[in-house]
Structures are given as C-alpha cells and as structure tokens.
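> missing the sequence, but the structure's below:
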C-alpha cells in the first residue's frame with residue numbers, strides 16, 4: 001500500500017519507519033528539515049513543506065495513495081487546517097491524530113476514516129499492564145466496545161470455562177481461546193504451537209498459558225480487571 005504521512009515528529013516518524021519496514025511505500029512530509037533528514041533514507045521519499053499552505057500541499061500525490069495520515073499533534077491549528085485542505089482536495093481516506101478530547105471533537109466533524117489517539121491508547125495499555133498483570137492485545141470496535149485477547153491470570157487456571165461466568169457477571173462474551181500445545185516437526189524436534197479453539201465445551205478446563213479472546217464494553221473489562 002501507499003501512504004502519505006504528514007508530520008514526522010516522534011509518532012509520525014515511527015509510523016513511517018514501521019510501514020516502510022513492512023514493505024509499504026511511504027511518503028513523508030514535515031515543515032522541519034531535520035525531521036525530514038532523519039527519515040528520508042528509510043522511506044520512498046520525504047518533502048520539507050508547510051502542509052498548511054495549499055500550494056505547498058499540492059506537491060504531494062494526495063489522490064494516488066491509499067491513505068493520508070495527518071500525524072501532527074503539537075500544533076492544533078495546523079492539524080485542523082491540513083485536514084480541511086485534504087477534504088477540500090477530495091482525498092478519499094484520511095486518518096488524523098488527536099491529542100485531546102477537544103481536538104478529537106473538531107476532527108469528528110470532518111467524518112474521517114479514523115481518528116488516532118496514541119497518547120490515550122498508550123496510557124490505557126500501561127494501566128492494563130499494571131492493573132491486570134498480564135499481556136493483552138486490544139482491538140477497538142467503537143467508543144464503547146472492544147475485542148481483547150489476554151493471557152489468563154493465575155486465578156482462572158483449573159476452572160471450567162462455564163465457571164468463569166464472564167458473561168453473567170461482567171457482560172463479556174468469550175469468542176475464542178488460544179491454546180499452546182506441544183508438537184513434533186518432521187525431524188522429531190518438540191516445538192510449541194498455538195491453535196484457536198472457537199467452540200468451547202463447558203467442561204473444558206482453563207490451562208496455564210491459555211489466552212482468552214473476549215468481546216464487550218471497555219467499562220466491563222475494567223470491572224473484570226478490578227475484580228481480579
């Protein structure tokens with residue numbers, strides 16, 4: 001895929017570097033020459049431009065890429081103006097970073113494909129790590145609902161799946177379980193592999209190393225974490 005990333009601060013720089021490392025074509029843009037210099041050898045091309053200037057913005061191939069990401073965070077006014085110009089130029093797919101709720105509320109008026117909240121997401125991830133004490137992966141469906149995969153805490157081990165009562169007590173639906181198992185390859189070497197168990201028999205006991213995949217409201221996940 002082809003991406004344009006406008007704003008190459010810490011967040012935009014990491015996005016550009018990671019997308020490029022995965023084989024995507026990335027075009028970076030920033031008003032800072034030093035920021036462009038720091039990324040230009042890692043992406044397809046990078047421009048030193050003031051993206052708030054309509055004529056300068058036109059240098060970028062806005063309508064021949066898959067997604068344009070506005071990663072500007074520190075300059076609220078610049079972020080909003082760039083998004084407005086992109087909408088004016090009828091760019092089809094726009095993602096934009098929001099640094100607070102006011103910024104997010106203004107961006108919502110543009111009906112963008114996605115509003116990115118990296119600071120909020122990072123803070124929540126840290127809280128989950130400290131509070132829940134286990135590794136987690138989170139996929140946000142909307143403002144309320146999430147899909148969360150987490151390694152089962154020690155308290156769950158040995159219980160039957162139906163004994164967890166996640167749905168009854170916390171309104172969280174178990175939609176899958178990832179279980180590690182020992183296998184042997186063609187050379188007879190023992191390896192650990194994982195499989196997804198989509199149909200969970202009620203008499204199936206939770207094992208150490210299992211990972212549950214659940215669906216529900218974020219506030220209900222919070223209630224579960226507090227209860228543990």
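Noted; the coordinates are in hand. All figures in this text were calculated on a predicted structure; none of them were measured in a lab.
> got the contact list for stretch 113-129?
The contact list for stretch 113-129, computed with Cβ atoms under 8 Å, 6 or more residues apart in numbering, reads 11, 67, 69, 71, 93-99, 104, 107-108, 135-136, 138, 225. All C-beta atoms are positioned from the backbone trio N, CA, C, and that covers glycine.
> redo that, cut-off 7 Å
Here stretch 113-129 makes contact (Cβ atoms under 7 Å, 6 or more residues apart in numbering) with 11, 93, 94, 95, 96, 97, 98, 99, 104, 107, 108, 136.
> just the mean pLDDT for it, thanks.
Averaging pLDDT along stretch 113-129 yields 77.
> now the strands for the chain?
For the chain, the strands defined by DSSP state E cover 2-6, 25-30, 45-48, 67-70, 94-97, 114-116, 136-140, 145-151, 173-184, 190-197, 211-217.
> dump the ones you listed to TSV, plus distance to residue 159 and mean neighbour count.
Converted to TSV, the strands of the chain look like this (distance: least, Cβ to Cβ, whole Å; neighbours: other Cβ atoms under 10 Å):
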stretch	distance to residue 159	mean neighbour count
strand 2-6	45	24
strand 25-30	47	24
strand 45-48	53	18
strand 67-70	43	24
strand 94-97	41	23
strand 114-116	38	17
strand 136-140	19	14
strand 145-151	15	18
strand 173-184	12	14
strand 190-197	15	10
strand 211-217	12	20
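> now render those strands as TSV, adding distance to residue 39.
Formatted as TSV, the strands of the chain follow (distance: least, Cβ to Cβ, whole Å):
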stretch	distance to residue 39
strand 2-6	9
strand 25-30	5
strand 45-48	6
strand 67-70	14
strand 94-97	17
strand 114-116	18
strand 136-140	27
strand 145-151	32
strand 173-184	36
strand 190-197	35
strand 211-217	35
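> weakest of those by average pLDDT?
Going by mean pLDDT, the lowest-scoring of the strands of the chain is strand 190-197, which has a mean of 62.
> can you list the domain ranges for the protein.
1-115, 132-225 (the TED database).
> would JSON lines of those domains with distance to residue 125 be doable?
Formatted as JSON lines, the domains of the chain follow (distance: least, Cβ to Cβ, whole Å):
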{"stretch": "domain 1-115", "distance to residue 125": "15"}
{"stretch": "domain 132-225", "distance to residue 125": "7"}
